[in-house]
Structure formats: C-alpha cells, structure tokens
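S.K.: dropping the sequence and predicted coords here.
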Amino acid sequence: MAPSEGCQHYADLSEMPWDIQKYYHQRFSIFSKYDEGIWMTEDAWFGVTPEPIACIIAKHIDGTASVSKTILIDCFAGVGGNVIAFAQSERWKRIYAIEKDPTALACAKHNAEIYGVRDKISWYEGDCFKILRKELAELGQHSILFASPPWGGPGYRSDTVFDLAKMQPYTLTDLLSPFRHFTEDIVLYLPRTSDIRQLANESSEGSKTTVMHYCMEGASKAVCAYYGAFAFH
Ligand code: MGP
C-alpha cells in the first residue's frame, strides 16, 4: 500500500535524508514490524518511542495504575509507538489517541492496523488540551494520561541537565497544569537528562512521584515521571 501524502516508508538507507540516516539502522528497534510497511514522518524518526521501551512502559502502567482507572489516553500519539503498545494490553476498556498533525495521525492509524489494534483505539485529530477539556472532559476520573510531548528536537542532548522550564513548545508546567484539571494520574515521557528537582517540585503535596529511566543496550533513552496514584514498590 502506497503511503498517504507526507507519510514515508523508506525501504533503503539511500532514500533517507542524510541528517536522519542514523535512525534507519534502528528501524527494527523502533518498530519490529517495520518491514511490513510501517509509515513514518520525518520528525517521528527521532521522536517515536522504540517498541521495547513502549512495551515496558505499557507494562508498568498496567501493573501500577489503580483498578478504578480503565481508560488510557495518549495525548501526543505521533506515529503510534506508545499507543500501539498500550492497545496490546487487555487491561484497558478503551484507549484514546490524540494527535494534532494529520500526517502523523494517518501514520499512527496505519501502523496500528499492522499491529492489529487499530479498532481498539479511538482516534482524535487536534490539540490535546482542547480535546481533554471538551470532547473527553467526562472521562477524567476513569483515565490515566500519558504524554510524550515534543522536546524541542534532538538539540536537547547538548544540555547536561535539561531545563524543563524551557522545553518547547510546552514546558513541564504548561503540560501538568491543564492535565491536572483532567486527572491527577499522569505519566510524562521526558529527556533522560531532565532536571530531577523540577520533576520533584511538581509533586502534589504529600504524594510520591516515581521517575524511571528506560534503557536500551545499557543506555538510558528517556525517563518517565509518574505523577499520581501509581503503586510502585
Ligand atoms: P535520541 O535523542 O535520538 O538519542 O533519542 P539516542 O538514540 O540515545 O542517540 P545518541 O546519539 O545520544 O546515542 C532517545 C530517545 O528519545 C528516542 O528513542 C525517543 O524515544 C526520544 N525522543 C527524542 N526526541 C528528540 C524526542 C522528542 O522530541 N519528544 C519525545 N517525546 N521523545 C523524544
């Protein structure tokens, strides 16, 4: 099937823009079913969560979220890396995927089809803050919010400690304040060098925040900050 406009499936390294070619070598750790015709956008090559990490995050959320939570919402679904992993679990009554970029959303739907989970996901195109406030407003008490926001591009690596107050286009506070109007149970996927004090400062009074590094081949790729009622021991 030919990719929709703006979506790409590179079948050979030589087809790929030079500045993202390093990711071509990682294609099967990004999506193990890459060769079945996975679609990507250019930004997705560096922003997507690699499948083994997406699966372990999905497992951690499954195992630690309160049983009263039956809905999982991915606020920045991109080309589907995380939401596909979430939808593979039987734990959730419904999975919602929100994505503002129609091209990325088309890729995500197509990729979810390849993994056989497209129908387990409700798809929303648009701004996640608006959609949470309007269409999904009723679901807050039953939901966990997962967000893997843009970090302002691969340039985040040049800072020894990443300042979450300067993250673009949304700072840590820009994300957490509106999300907390919806639910307290929030998982954020953030740079591995994120300033831990800034993450701690955002903890609600008297509550514990868990920050977990997710690694591949012995090196951290990113952290998840778990705000709210997650039962990590
Ligand atoms: P990376 O920054 O390309 O580092 O991605 P990597 O592969 O460790 O390269 P090295 O040269 O430093 O060894 C690390 C992980 O960060 C990726 O797998 C993505 O999951 C995630 N990631 C990177 N960026 C730029 C973003 C982003 O903007 N948003 C989100 N949500 N994740 C990102």
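M.R.: Thanks, I have the structure now. Numbers count the residues shown, from 1 in each chain.
S.K.: and the spatially most central residue of the chain, how far is that from the ligand?
M.R.: Centroid-nearest residue in the chain: residue 148, 3.5 Å away (criterion: Cα atoms, centre = their mean). Here residue 148 is placed at a distance of 4 Å from the ligand (Cβ to the nearest ligand atom, to the nearest Å). All C-beta spots, glycine's among them, are computed from the backbone N, C-alpha and C.
S.K.: give me the three-state assignment for the closest residue to that residue other than its chain neighbours.
M.R.: Using Cβ to Cβ, 6 or more residues apart in numbering and skipping the chain neighbours, the partner closest in space to residue 148 is residue 189 (3.8 Å). Here residue 189 takes the strand state, with states given by DSSP: H, G, I helix; E, B strand; the rest coil.
S.K.: show me the contacts for residue 189.
M.R.: Shown in contact with residue 189 (Cβ atoms under 8 Å, 6 or more residues apart in numbering): 49, 57, 82, 146, 147, 148, 149, 222, 223, 224.
S.K.: ok, now which ones touch the residue nearest to the centre of the chain?
M.R.: 47, 49, 74, 76, 78, 81, 82, 188, 189.
S.K.: how about a cut-off of 7 Å?
M.R.: 49, 76, 82, 189 (Cβ atoms under 7 Å, 6 or more residues apart in numbering).
S.K.: what is the nearest of those to residue 29?
M.R.: residue 49 (10.7 Å; Cβ to Cβ).
S.K.: surely the closest one and residue 83 touch.
M.R.: No - taking contacts as Cβ atoms under 7 Å, residue 49 lies outside contact range of residue 83: 9.8 Å.
S.K.: up against the ligand, what does this protein have?
M.R.: Applying Cβ under 6 Å from any ligand atom, one finds that the chain approaches the ligand through 46-47, 49-50, 148-151, 153-154, 156-157, 189, 221-222.
S.K.: go ahead and build a PyMOL selection from the buried members of those.
M.R.: Those of the residues of the chain next to the ligand that count as buried under 16 or more other Cβ atoms under 10 Å are selected in PyMOL with:
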select buried, resi 47+49+50+148+149+151+156+189+221+222
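S.K.: so how far is the ligand from residue 83?
M.R.: Taken as Cβ to the nearest ligand atom, the span from residue 83 to the ligand is 13 Å.
S.K.: what helix or strand is residue 111 on?
M.R.: helix 102-114 (DSSP states H and E).
S.K.: can you give me the helices in this structure?
M.R.: For the chain, the helices defined by DSSP state H occupy 21-24, 27-30, 44-47, 51-64, 81-87, 102-114, 128-133, 172-182, 196-201.
S.K.: adding mean pLDDT and distance to residue 9, write these out as JSON lines.
M.R.: What follows is the helices of the chain, written out as JSON lines (pLDDT from 0 to 100; distance: least, Cβ to Cβ, whole Å):
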{"stretch": "helix 21-24", "mean pLDDT": "93", "distance to residue 9": "12"}
{"stretch": "helix 27-30", "mean pLDDT": "96", "distance to residue 9": "10"}
{"stretch": "helix 44-47", "mean pLDDT": "93", "distance to residue 9": "12"}
{"stretch": "helix 51-64", "mean pLDDT": "98", "distance to residue 9": "16"}
{"stretch": "helix 81-87", "mean pLDDT": "98", "distance to residue 9": "15"}
{"stretch": "helix 102-114", "mean pLDDT": "98", "distance to residue 9": "9"}
{"stretch": "helix 128-133", "mean pLDDT": "98", "distance to residue 9": "27"}
{"stretch": "helix 172-182", "mean pLDDT": "98", "distance to residue 9": "31"}
{"stretch": "helix 196-201", "mean pLDDT": "97", "distance to residue 9": "36"}
